[in-house]
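K.L.:
Coordinates only, no sequence provided:
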């Protein structure tokens, strides 16, 4: 962006050198602006709270922009109406650029009052940046961003305007770019900002006017969970900007339940005595209010209609859901299971805090399954949204899963990216939750657990008993969770629910060998004997980002092998029970972990593709398929059979 023609040649040259050279030396500047202890933090914090240039923005010094600003430059935001809808794609056009640069980018900021110059009142909170001489880029972390070069016409200036003419000649031509941003109702207004210098050496140029939402209190993102094993009650939770109780209306006669309202604040987030966590500091975003109401007097395996909201804040669209079958029901039971899904931007050119590239295709595949009417429940076993301390990510995640979670019970287990943080009571003293410490997870996903920060439970649907544990909480003998696991699995009536499925986040078996081991030998030593003792049929874990199936294994030894049935499907005979079958199903969104050529003897099937597990249970047979989310092809299938107990 050069100055007006009336400026002297020297002024123009000084401006160009001071601004456009950012693109050429930004990479060398970026490391010098960082304290040595975190200069290589993209590697140091892999799987924690920093991995890409965008996610390291808070660790960048905000450079001073050139004092000579091109007056032609404009930032134009075009939406459906002046006030934003609950969901829309907004076009942001930057025009008047004299010299396009690969380092020009636009950030989406919410709330718009976020300070992008400095944070003088919070300087002491930014010790974790490692740059003690200057403040980070933003008090509030950008929701998302996109480079102008994402518009393929920008760098080649295919969309140009002549700004200054003389004697029939164009003396100054400018270029423009248009980006599309997916926006959902964050309950706070939204603003866009234009930067130069890339993510490494950012320089603020322009800000748009703030755009409020039409209804920041709108009831949104309704999602279901089962409250017990009867199939006669279901919980619906939703998010709103309004703290007053709202109503849930359901069924043919419009039965009404009033919501219970909860929320959480920055004070509920974790941090260490010397370092503020992202959740407590620059990653914080107000979650609004989480409403929850329980529908009662339902019938199992039955479809009902519902809507939620109030006359004051408005009502959701009417939707339908299906209750799961009751415990011991003779009907077939169909379920989907997966872990480590997260979310990804629906505007393909933008970047967000943490992106799980396979999540959209997985959600699309499961949505088709749910819409077919052949899914009774869904189990998401840890690493839910990957918000990791950047709270606005929960809104994106709830929006993404709505086509599934608004139709059937969406049952969850807690993972390391929801719970772990140093000195928080987690088994693992890692920063994986970004300071959330399970608070947002338990506030959003109210499972039938025993109390706060005790996120383990069991539930029965038709012929299956699910024991859902937390691998992040103490699990050794004598701990509350261990004693509960022992009682729960021992109490299962196998004539009523013949299948016992044990599920949690971190696995006991994995072929993947990394710098940080995926398998904790302490967890295996404490819990694996319980699985054998209680004749667990199937064990489902996530955490490792692929699909892997074992033989009937205990203590790393195959105690039983499947045989091929008439259709060539691996079949485990649990009439002669020897040990559980373990399956890793962490292939639902996070970048995949590739397998090595060699594998342990207990590893029978390995697939490094995005997908989910499809389950079908009768009292005599439990059938499972690993579905490729992109092609919908079945990549692996197996079954477990046994005669029913009379």
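P.N.:
That came through, no problem. Quantities reported herein were computed from a predicted structural model and do not represent experimental measurements.

K.L.:
Pretty sure residue 451 sits in a strand.
P.N.:
No: per DSSP: H, G, I helix; E, B strand; the rest coil, residue 451 lies outside any strand segment and is coil.

K.L.:
Distance-wise, check it relative to residue 484.
P.N.:
Applying Cβ to Cβ, to the nearest Å, the value for residue 451 to residue 484 is 11 Å. Any C-beta I mention is one placed from the backbone N, CA and C, and that applies to glycine too.

K.L.:
So between those two, which is more surrounded?
P.N.:
In terms of neighbours (other Cβ atoms under 10 Å), residue 484 is the more surrounded of residue 451 and residue 484; the figures are 17 against 8.

K.L.:
The more buried one and residue 535, how far apart?
P.N.:
18 Å.

K.L.:
Would you confirm that residue 78 contacts residue 91?
P.N.:
Yes: using Cβ atoms under 8 Å, residue 78 is in contact with residue 91, at 4.5 Å.

K.L.:
So if I had to pick from the two, which one is more boxed in?
P.N.:
residue 91 (12 against 9).

K.L.:
right, and that one touches residue 183 too?
P.N.:
No: using Cβ under 8 Å, residue 91 is not in contact with residue 183, being 10.9 Å away.

K.L.:
Between those two, which contacts overlap?
P.N.:
residue 79 (Cβ atoms under 8 Å, 6 or more residues apart in numbering).

K.L.:
and residue 334, which of the three is it?
P.N.:
On the three-state scheme (three-state DSSP), residue 334 is labelled strand.

K.L.:
That one pairs with what?
P.N.:
residue 616 (DSSP bridges).

K.L.:
That one: what's it in contact with?
P.N.:
Taking Cβ under 8 Å, 6+ apart as the test, what residue 334 contacts is 374, 375, 376, 614, 615, 616, 617.

K.L.:
repeat that for 10 Å
P.N.:
Residues in contact with residue 334 (Cβ atoms under 10 Å, 6 or more residues apart in numbering) are 324-325, 369, 372-377, 408, 461-462, 614-617, 623.

K.L.:
Please apply the same query to residue 75.
P.N.:
With the criterion set at Cβ under 10 Å, 6+ apart, residue 75 makes contact with 92-96, 106, 191-194, 205-209.

K.L.:
what's the farthest-apart pair in the residues you listed?
P.N.:
Farthest-apart pair in these is 96 and 191; separation 19.2 Å (Cβ to Cβ).

K.L.:
follow-up on the earlier one: between residue 78 and residue 91, which contacts overlap?
P.N.:
Listed contacts common to residue 78 and residue 91 are residue 178; contacts here mean Cβ under 10 Å, 6+ apart.

K.L.:
need the next SSE after the lengthiest strand in the chain, C-terminal direction.
P.N.:
Longest strand in the chain by number of residues (criterion: DSSP state E): strand 169-184. Per DSSP states H and E, strand 169-184 leads on to strand 191-196 as the next helix or strand towards the C-terminus.

K.L.:
Sheet partners, orientation included, of that following strand?
P.N.:
Strand pairing (DSSP bridges) places strand 191-196 next to strand 105-109 (antiparallel), strand 203-207 (antiparallel).

K.L.:
So for residue 392, which of these sits nearest?
P.N.:
Of the strands paired with strand 191-196, nearest to residue 392 by Cβ to Cβ is strand 105-109, at 10.0 Å.

K.L.:
so where's this protein shaky on pLDDT?
P.N.:
For the chain, applying pLDDT under 70 flags the ranges 1-52, 58-62, 66-69, 112-140, 515, 646.

K.L.:
Domain boundaries for it, per the record?
P.N.:
50-207, 219-641 (the TED database).

K.L.:
Mean neighbour count, those domains: which tops it?
P.N.:
Among these, domain 219-641 has the highest mean neighbour count (mean count of other Cβ atoms under 10 Å), at a mean of 20.

K.L.:
what's the first-to-last distance across that one?
P.N.:
Using Cα to Cα, to the nearest Å, one end of domain 219-641 lies 45 Å from the other.

K.L.:
Relative to the whole chain's centre, how far out is that domain?
P.N.:
Centre-to-centre, domain 219-641 and its host chain are 12 Å apart (Cα atoms, centre = their mean, to the nearest Å).
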